[in-house]
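In: Starting from these lines, generate the structure:
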Amino acid sequence: MWKLYQPRAYTARVAVGVISVALYVRISFDRHGRRDGVSDQIKDVIALIEGIPGLEVGEIYEDNDVSAFNKEVERENYNRLIADIKAGKWTAVACVRGSRLVRQRRQRADFIDLMQSVGGKVYTTDGTIYDFTSEVGRGQFDSDGAKDTSESEKISVRTTRAHLRLAEQGKYAGGQVPYGLERHLEIVDGKIVRSYRIREDQAEILREAVRRVLAGETMHAITADLNRRGVPTASGGRWWDSNVLRYMLLRPGIAGLRSHRSLDNITGKAEWTRSSTRNSGWP
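Out: Numbers count the residues shown, from 1 in each chain. Okay, the predicted model is just below:
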């Protein structure tokens, strides 16, 4: 059903007293790229606007799998929405809640100033209407946003601590399994225990690459040979990149060591050196 809610533009009807509303939807993380989260938001926000007399759906702005808290992340469609508001296209925005729009303090202040300048409103599916022509409306948007920002910061701190703890224990933090390793699951005392072990066919490719580098071959020559031989990459593809291979060979994990945040910040031995069935070590 989610395919029925692909991003699309709506043509506003020309009617006296009818306000066309821009819809903004966003999900921070979409592991499989299916857009289920933003599709649900679109349905809810459309239902909200269609249920308010004098309002109609204008255009949908969607940022899927995009964080609003990370200052280094660019939100393409949020930026487009802001540009359109500045251009006078919209004075009203609808979303699930204010945190879908902004999470950063400076960005929230800029958004408040912009909406005040156009006499705008923000409608949310929880029933809150922020009227930026009023100091009460501006204050409520700022207050609610501050709570969301604070919660994001707490989550960030907890996540950072959790990743550091995993690194100090030599455990892998999750995500795509690095080339040369494989995930191992077993049941211990009725619980599923996850660990990582050496994957011999891939580990042998890394050993070969190390030997060839030490013998004086270039990364370009090695990757060209791997591509010629059709050796699968970590994702199962058939094309090796010399810069990616260089990074793989520089990672402390290739020596059975665990690092945190940077390649030279070694926190100890990695779990795959302890759980491997081989005695010759990693790689």
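
In: Wait, a helix at residue 81?
Out: Yes. Counting by DSSP: H, G, I helix; E, B strand; the rest coil, residue 81 is part of a helix.

In: Please verify my assumption that it contacts residue 24.
Out: Yes. Between residue 81 and residue 24 there is a contact at 5.8 Å, judged by CB atoms under 8 Å. Any C-beta I mention is one placed from the backbone N, CA and C, and that applies to glycine too.

In: joint contacts of those two?
Out: 61, 93 (CB atoms under 8 Å, 6 or more residues apart in numbering).

In: domain parsing for the chain?
Out: What the record gives for the chain is the domain set 2-150, 181-275, from automatic domain parsing.

In: What score does residue 70 have for pLDDT?
Out: Looking at residue 70, its pLDDT is 64.

In: hmm, back to that, kindly reformat the domains of the chain as TSV containing mean neighbour count.
Out: Listed next are those as TSV, based on neighbours: other CB atoms under 10 Å:
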stretch	mean neighbour count
domain 2-150	16
domain 181-275	14
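
In: Which of the ones you listed has the lowest mean pLDDT?
Out: Lowest mean pLDDT within those: domain 181-275, a mean of 79.

In: For the residue lying closest to residue 213 once chain neighbours are set aside, what is the enclosing helix or strand?
Out: Excluding the flanking residues, the one nearest residue 213 by CB to CB, 6 or more residues apart in numbering is residue 249, at 6.6 Å. Assessed by DSSP states H and E, residue 249 sits inside helix 242-250.

In: Which strands or helices does that helix pack on?
Out: Helix 242-250 sits against helix 200-214, helix 219-229, with contacts defined as 3 or more CB pairs under 8 Å, 6 or more residues apart in numbering; DSSP states H and E.

In: can you pull out the helices in the stretch 1-150 of the chain?
Out: Along the stretch 1-150 of the chain, the segments classed as helices by DSSP state H, counting those that start in this stretch run 36-50, 76-86, 98-101, 105-117, 135-168.

In: next helix or strand past the longest one?
Out: Helices and strands here follow DSSP H and E; after helix 135-168, the next one along the chain is strand 181-188.

In: which helices and strands sit right next to that next one?
Out: By 3+ CB pairs under 8 Å, 6+ apart, strand 181-188 packs against strand 191-198.

In: The strand it packs on pairs with which strands, parallel or anti?
Out: strand 181-188 (antiparallel) (DSSP bridges).

In: re earlier: turn the helices and strands packed on helix 242-250 into a markdown table, including distance to residue 192.
Out: Below are the helices and strands packed on helix 242-250 laid out as a markdown table (distance: least, CB to CB, whole Å):
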| stretch | distance to residue 192 |
| --- | --- |
| helix 200-214 | 24 |
| helix 219-229 | 35 |
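
In: Need phi/psi at residue 54.
Out: phi 90, psi 0 (degrees, to the nearest 10).

In: Between helix 200-214 and the helix holding residue 249, find me the angle.
Out: 100 degrees (axes from the mean of the first three to the mean of the last three CA atoms, to 10 degrees).

In: ok, residues contacting helix 242-250?
Out: Applying CB under 8 Å, 6+ apart, the external contacts of helix 242-250 come out as 178-180, 206, 209-210, 213, 218-220, 222-223, 226, 254, 263.
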